[in-house]
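>>> my questions concern the predicted model and sequence given below.
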Amino acid sequence: MHVLLLRPVSPNERFGLGPFFRVEPLGLEYIAAALLDQGHRVRIVDLRFAPGIADALRADPPDLVGITCAHAVDIPSAISLAHTIKRAAPQAAVVLGGHAAAMTPSTFAYHPVDLVCVGDGEHAFPSLTRALEQRLPLDLVPGFVVPDGDACVPTVRESLDLVPLPARHLVAHHRKHYACVHKMPLWAVETARGCPHRCSFCSVWASCGRTFRCRCVDAVCRDFQSVGDNIFVVDDLFWYPYDRSAELARELARRGIRKDWVLVQTRLDTVAKHPTLLEAWRPFARLFDIFFGFEAPRADQLRALQKDMSIEAMEEGVAVARSFGYGVTGNFVVDPDWTEDDFEAMWALVDRLELNRAGYTILTPLPGTELFRRWKPRLLDHDWARYDMHHLLFEPRLGRKRFFELFAESWRRNVLGPRYAGAKWWRWARELEPRQALVLARVLYRTQRMLDPDAYLRETFPAMVGAPAMPAASATHHAPPRPDSNTGDVLPPARPPTAATTKSSSAKHG
């Protein structure tokens, strides 16, 4: 079969990580590897860096089109792209997958989407192609659901070692665009999947039932060996579990695999408990950065987020990481219900821990989370394109103007703010190649809007809304029709969240 796998255009890259962090569609590469292994013809197109797809669809019509929708903010683009595909290639089966799609399958009802993948895509898609070839009922294929139905076929989480390594050669023509600030080109590697914790704002653990699956050490080593020198490890919780991580570090060292720059994500208490593990991993890369979720500055706030971590563990984790020469980066989730004292407490913690590379996002009720279920009655904006953790979805306690003044001030205090980091910009630039320096300059220019309160206010829901406690049903804002990000056609907005939104189980890389 001819299978086309698409990564849609991002609808909102004005805030957050969008301006300086772009990663390859690793989930699509795993699906492609599984399909290629069965003899299918597969093509991956990253529409962030490619022209419109309509002409290519007509010239070489596919049998099956898979669209990845990893984040809630991608839902409008994914729906828009599905409309484009059905107009240009009506014979093709259109399937959506990815974490956000799996968490919100009912959102795609009444749109030209045949199925939503709620399982591991690399296991589910080969079964789907067999069903298409044999003209079997598609709603019975394991790992998929029909968007307008509530039933979900039970999904078995298979071993991560049952498929080949990702088919990265299919995105080779996009490789130069994948970067983290000036680190380019960037490769993504997955060593494990899942999370055993229960943070109320995160849907990863809900999608996997708090399970954790690891790829075998040999496969991970071969994967690391095959990629370039700048690596982002996409695991939600690196250095877990301890014994397996220690074994992987020893085997990488034995094989002599080294990289220039590596970024991983993990918890501060994990690092605090295992200093010997960080010591073992440090030789793996010349520069080794860790992204932590700091989340909140006080113990009561961490408990409210079900973070299951103490301030003491936070401080110890930072100290352990720095003692072995790791770079420390991290993020706080700013609650719209915060007072000015809460912002002051966060800034004090940032100063105490010397976190000049801290980032800030607005605590957002993403679909599939405990927070979504709890805050749903308060939501005043149901446009998925605003679920980027930098838009307000209801009136904050301080009022939107004061809230964004303090939120922007938080960003001014980190490495993006000229007042705090101007000298570092020039030092970085002197150490970079001309192209890297140009990219860094472009990133810094684009991110300056994150320091401007008015930039956020211009994109917040309409001014005529009720007080913070006003029920959403009496003052609900629906997104206006928006242009198709791939063709320019005007299409209806995505449906707002419904009760069925959170019913389905899912997998992050479906």
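Alright, I've got the coordinates. Numbers count the residues shown, from 1 in each chain.

>>> so residue 314 is in contact with residue 270, correct?
No - in this structure residue 314 lies outside contact range of residue 270 using CB atoms under 8 Å: 11.6 Å. Using the backbone N, CA and C atoms, a C-beta is placed for each residue, glycine as well.

>>> ok, those two, which is more surrounded?
residue 314 (27 against 22; other CB atoms under 10 Å).

>>> can you pull the contacts of the more buried one?
Residues near residue 314 by CB atoms under 8 Å, 6 or more residues apart in numbering: 268-269, 294, 353.

>>> now for those: which two are most distant?
Longest distance between any two of these is 14.8 Å, between 269 and 353; criterion CB to CB.

>>> before we move on, back to that, quick check, nearest of the contacts of residue 314 to residue 454?
Looking across the contacts of residue 314 and measuring by CB to CB, the closest to residue 454 is residue 294, at 26.9 Å.

>>> surely that closest one is within a strand?
Yes - assessed with DSSP: H, G, I helix; E, B strand; the rest coil, residue 294 lies in a strand.

>>> okay, the contacts of residue 314 in a markdown table with neighbour count and distance to residue 11 next?
Listed next are those as a markdown table, based on neighbours: other CB atoms under 10 Å; distance: CB to CB, whole Å:
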| residue | neighbour count | distance to residue 11 |
| --- | --- | --- |
| 268 | 28 | 32 |
| 269 | 19 | 35 |
| 294 | 27 | 28 |
| 353 | 19 | 34 |
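
>>> next, format the residues you listed as a markdown table and append distance to residue 256.
Converted to a markdown table, the contacts of residue 314 look like this (distance: CB to CB, whole Å):
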| residue | distance to residue 256 |
| --- | --- |
| 268 | 31 |
| 269 | 32 |
| 294 | 35 |
| 353 | 35 |
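
>>> now, those that are in strands?
residue 294 (DSSP state E).

>>> restricted to helices, list the contacts of residue 314.
Among these, DSSP state H puts 268-269, 353 in helices.

>>> hang on, isn't residue 230 packed against residue 188?
No - contact criterion CB under 8 Å: residue 230 and residue 188 do not qualify, at 10.3 Å.

>>> of these two, who's got more company?
Neighbour count, other CB under 10 Å: between residue 230 and residue 188, residue 230 has more, with 21 against 18.

>>> show me what the more buried one is bridged to.
residue 261 (DSSP bridges).

>>> got a list of what it touches?
Here residue 230 is in contact with 180, 183-187, 259-261 (CB under 8 Å, 6+ apart).

>>> apply 10 Å and report the result again.
178-180, 182-187, 259-263, 285, 287 (CB atoms under 10 Å, 6 or more residues apart in numbering).

>>> how near is the residue of the chain positioned farthest from its centre to residue 89?
Most distant from the centre of the chain: residue 134, at 35.2 Å, with distances by CA atoms, centre = their mean. From residue 134 across to residue 89, the span is 21 Å (CB to CB, to the nearest Å).

>>> again, but for residue 306
45 Å.

>>> and these two? Which one has more around it.
Taking neighbours as other CB under 10 Å, residue 306 and residue 89 compare with residue 89 leading, 21 against 16.

>>> show me the contacts for that one.
Per CB under 10 Å, 6+ apart, neighbours of residue 89: 4, 53-54, 56-58, 60-63, 65.

>>> from the residues you listed, which has minimum pLDDT?
Across these, the smallest pLDDT goes to residue 56, namely 74.

>>> confirm that that one sits in a helix.
Yes - the assignment for residue 56 is a helix, going by three-state DSSP.

>>> ok, now how distant is it from residue 2?
12 Å.

>>> which neighbours do those two share?
In contact with both residue 56 and residue 2: 43, 62, using CB under 10 Å, 6+ apart.

>>> more crowded one of the two?
Neighbours per residue (other CB under 10 Å) separate residue 56 from residue 2, with residue 56 holding more: 17 against 14.

>>> which non-adjacent residue is nearest the more buried one?
residue 45 (7.6 Å; CB to CB, 6 or more residues apart in numbering).

>>> on the pLDDT front, check that neighbour for me.
Reported pLDDT for residue 45: 94.

>>> secondary structure element for residue 10?
Using DSSP states H and E, residue 10 sits within no helix or strand.

>>> residues contacting residue 409?
By CB under 10 Å, 6+ apart, the neighbours of residue 409 are 343, 347, 360, 417, 451, 453.

>>> which of the residues you listed fall in helices?
Short answer: those in helices (DSSP H) are 343, 347, 453.

>>> okay, now the domains of this structure?
Following automatic domain parsing, the chain resolves into domains at 2-159, 185-334.
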